[in-house]
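Asks: heads up, no residue letters with this:
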Ligand SMILES: Cc1cc2nc3c(=O)[nH]c(=O)nc-3n(C[C@H](O)[C@H](O)[C@H](O)COP(=O)(O)OP(=O)(O)OC[C@H]3O[C@@H](n4cnc5c(N)ncnc54)[C@H](O)[C@@H]3O)c2cc1C
């Protein structure tokens with residue numbers, strides 16, 4: 001057994017962990033990142049949002065992200081019904097001003113390795129193949145972590161601050177009983193990369209496309225070499241009814257979704273299929289004396305609007321600021337020092353989770369697929385899709401979104417009375433509001 005010390009120990013070298021590591025190193029702290037996998041490694045979460053770009057600029061990685069071999073410019077998003085009869089395109093350039101007109105599709109093996117090497121360049125010690133095992137508490141304060149190295153030896157790391165960026169593993173929340181599944185939102189995703197997928201022509205070919213199906217939805221995320229990430233996010237009940245391997249369940253969902261079948265007619269997978277399960281959960285405690293949870297480790301609902309990396313990096317940057325301020329001020333971090341990050345995380349989750357829940361509401365979808373060009377509602381939807389939720393003007397976005405929700409409530413009432421406000425959409429994912 002050996003003992004190590006650092007100012008900040010970060011668990012996880014994904015976008016949250018590496019963002020926090022870079023910013024904390026730049027503030028002059030000693031930072032160690034524990035990452036149990038070897039990079040580069042496959043990860044889902046390939047479609048980014050425009051309002052992540054200012055943080056990429058701040059980290060000094062924007063040009064490098066753009067230059068990665070598979071990065072493709074993403075000017076917007078298509079949403080299509082299962083039979084392809086209705087398609088709506090939201091273009092980031094048409095957001096409420098000032099718009100950031102594009103984002104990127106990235107392969108996460110490349111993207112995550114780039115962000116982590118940026119942290120290393122800033123001075124972080126990055127330990128690949130090292131796995132956190134057991135937290136060590138002194139009263140209510142987290143002061144140490146037992147860790148296993150790649151040879152199986154155990155080490156004790158002592159620190160002044162600990163950031164849990166362990167993603168869906170939600171290391172601390174799982175061990176401490178703070179992680180709870182959303183009982184009505186049980187989904188499974190089957191994903192692979194394909195060659196030969198049909199892509200829309202022209203400028204919008206870099207868009208993400210979301211295709212509805214009765215059991216959930218598909219994503220199509222094109223990369224620079226025209227390979228495409230395709231995933232099916234399906235109700236667990238549909239999955240269990242099939243009782244088969246991910247590829248077969250995926251294929252069954254494709255057969256039920258003409259628009260997905262059309263796009264995949266000449267396509268073949270170039271990666272083994274992965275299944276991702278139990279990815280929707282809330283976390284009841286986000287910070288305490290000596291620690292803070294960031295990114296997916298602080299909760300996750302659903303990837304429909306590609307908000308994961310934005311939330312991960314934004315909460316990481318906020319935690320880095322709180323930790324910096326507290327360590328400079330009194331040499332430690334207390335729960336109260338992390339109040340700004342906890343409040344930001346809750347606010348982002350509230351905003352996006354409410355948008356996500358609306359997407360699973362059959363009465364909301366007709367307005368989403370056919371937004372009337374009044375009161376700048378389409379532009380406000382684009383602003384939400386672009387993650388323009390941090391600037392002071394976001395109240396305008398929120399107000400218009402609430403208007404849409406009111407319309408959905410009116411639609412529900414009308415539908416129950418046999419007089420819906422607008423014709424309903426056929427293919428609606430099963431209601432899964434948490
Ligand atoms: C099906 C699906 C599709 C998605 N699509 C999108 C999308 O298109 N766009 C988007 O923005 N987001 C998407 N997301 C969400 C996105 O993947 C995550 O929000 C994002 O990766 C979170 O980053 P993170 O740094 O918090 O966690 P991660 O990126 O998961 O990184 C966590 C790291 O911690 C490491 N780790 C875990 N436990 C330990 C341990 N005990 N010791 C050491 N290391 C450990 C892991 O190996 C991992 O590398 C999707 C999610 C799902 C489930």
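Replies: Looks like it came in fine. Just so we're clear, the structure is a prediction, and the values are computed from it rather than from any experiment. Numbering: from 1, shown residues only.
Asks: tell me the strands in the stretch 251-400 of the chain, going along the chain?
Replies: 268-269, 274-277, 281-283, 287-288, 291-293, 299-300 (DSSP state E, counting those that start in this stretch).
Asks: Give me whichever of those is most buried.
Replies: Mean neighbours per residue, mean count of other Cβ atoms under 10 Å, is largest over the strands of the stretch 251-400 of the chain for strand 291-293, with a mean of 30. C-beta here means a position set from N, CA and C on the backbone, and glycine is covered the same way.
Asks: Any part of that strand near the ligand?
Replies: No - judged by Cβ under 6 Å from any ligand atom, strand 291-293 and the ligand are separated, with a smallest distance of 9.4 Å.
Asks: Now name the helix or strand holding the nearest residue to residue 332 once chain neighbours are set aside.
Replies: Computed as Cβ to Cβ, 6 or more residues apart in numbering, the closest residue to residue 332 that is not its neighbour in sequence is residue 160, at 5.8 Å. Using DSSP states H and E, residue 160 sits within strand 154-164.
Asks: which parts of that strand are buried?
Replies: Neighbour counts over strand 154-164 (16 or more other Cβ atoms under 10 Å) mark 155, 157, 159-164 as buried.
Asks: cool, and stretch 6-22?
Replies: Within stretch 6-22, the residues that count as buried by 16+ other Cβ under 10 Å are 6-22.
Asks: Now intersect those residues with the helices, please.
Replies: Counting by DSSP state H, the buried residues of stretch 6-22 place 15-22 in helices.
Asks: residues in contact with the closest residue to residue 94 other than its chain neighbours?
Replies: Using Cβ to Cβ, 6+ apart and skipping the chain neighbours, the partner closest in space to residue 94 is residue 382 (5.3 Å). Counting by Cβ atoms under 8 Å, 6 or more residues apart in numbering, residue 382 touches 76, 90-92, 94-96, 99.
Asks: ok, residue 382 to residue 90 distance?
Replies: Separation of residue 382 from residue 90 (Cβ to Cβ, to the nearest Å) stands at 5 Å.
Asks: Kindly report the same for residue 398.
Replies: 17 Å.
Asks: Repeat that for residue 104.
Replies: In terms of Cβ to Cβ, residue 104 sits 16 Å off from residue 90.
Asks: Specify the beta-bridge partners of the spatially closest residue to residue 250 that is not a sequence neighbour.
Replies: Nearest-residue entry for residue 250: residue 190, 4.1 Å, with adjacent residues in sequence omitted and distances by Cβ to Cβ, 6+ apart. Residues in a beta bridge with residue 190, per DSSP bridges, are residue 232, residue 275.
Asks: give the contact list for residue 190.
Replies: Residue 190 sits in contact with 231-232, 234, 246-247, 249-250, 253, 273-275, where contact means Cβ under 8 Å, 6+ apart.
Asks: For the ligand, state which of those is nearest.
Replies: The closest of those to the ligand turns out to be residue 231 (Cβ to the nearest ligand atom; 5.6 Å).
Asks: Hmm, residue 216 and the closest one touching each other?
Replies: No - Residue 231 lies out of contact with residue 216 (Cβ atoms under 8 Å); the separation is 9.9 Å.
Asks: Between the strands of the stretch 251-400 of the chain, which one is closest to residue 226.
Replies: For the strands of the stretch 251-400 of the chain, proximity to residue 226 was assessed by Cβ to Cβ; strand 268-269 is nearest, at 13.2 Å.
Asks: That closest one packs against which elements?
Replies: Packing partners of strand 268-269 (3 or more Cβ pairs under 8 Å, 6 or more residues apart in numbering; DSSP states H and E): strand 187-195.
Asks: Please identify the residues of this protein in proximity to the ligand?
Replies: Near the ligand, when you scan the chain using Cβ under 6 Å from any ligand atom, you find 11-17, 34-37, 43-48, 131-132, 165-169, 171, 189, 231, 233, 276, 279, 295-297, 303, 306, 308-310, 312.
Asks: List only those of those residues flagged as buried.
Replies: 11-17, 34-36, 43-48, 131-132, 165-169, 171, 189, 231, 233, 276, 279, 295-297, 303, 306, 308-310, 312.
Asks: could you show me where the helices are in the chain, in order?
Replies: Counting by DSSP H, the chain has helices at residues 15-26, 53-59, 62-67, 108-122, 171-176, 236-242, 246-255, 258-264, 308-330, 339-359, 365-369, 377-385, 394-416.
Asks: most tightly surrounded among these?
Replies: Of all the helices of the chain, helix 15-26 carries the top mean neighbour count, a mean of 29, counting by mean count of other Cβ under 10 Å.
Asks: Quick check: the gap between the residue most central in space within the chain and residue 315.
Replies: Nearest residue to the geometric centre of the chain (Cα atoms, centre = their mean): residue 308, 1.2 Å. Residue 308 is 11 Å from residue 315, where distance means Cβ to Cβ.
Asks: Which residues are in contact with each of the two?
Replies: By Cβ under 8 Å, 6+ apart, residue 308 and residue 315 have these common neighbours: residue 295.
Asks: As TSV, the helices of the chain with mean pLDDT would be great.
Replies: Shown next, in TSV, are the helices of the chain (pLDDT from 0 to 100):
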stretch	mean pLDDT
helix 15-26	98
helix 53-59	98
helix 62-67	98
helix 108-122	98
helix 171-176	98
helix 236-242	86
helix 246-255	93
helix 258-264	97
helix 308-330	98
helix 339-359	90
helix 365-369	81
helix 377-385	86
helix 394-416	77
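Asks: Pretty sure residue 15 sits against residue 316.
Replies: Yes - applying Cβ under 8 Å as the test, residue 15 and residue 316 come out as touching, 7.3 Å apart.
Asks: joint contacts of the two?
Replies: Counting by Cβ under 8 Å, 6+ apart, the shared contacts of residue 15 and residue 316 are residue 295.
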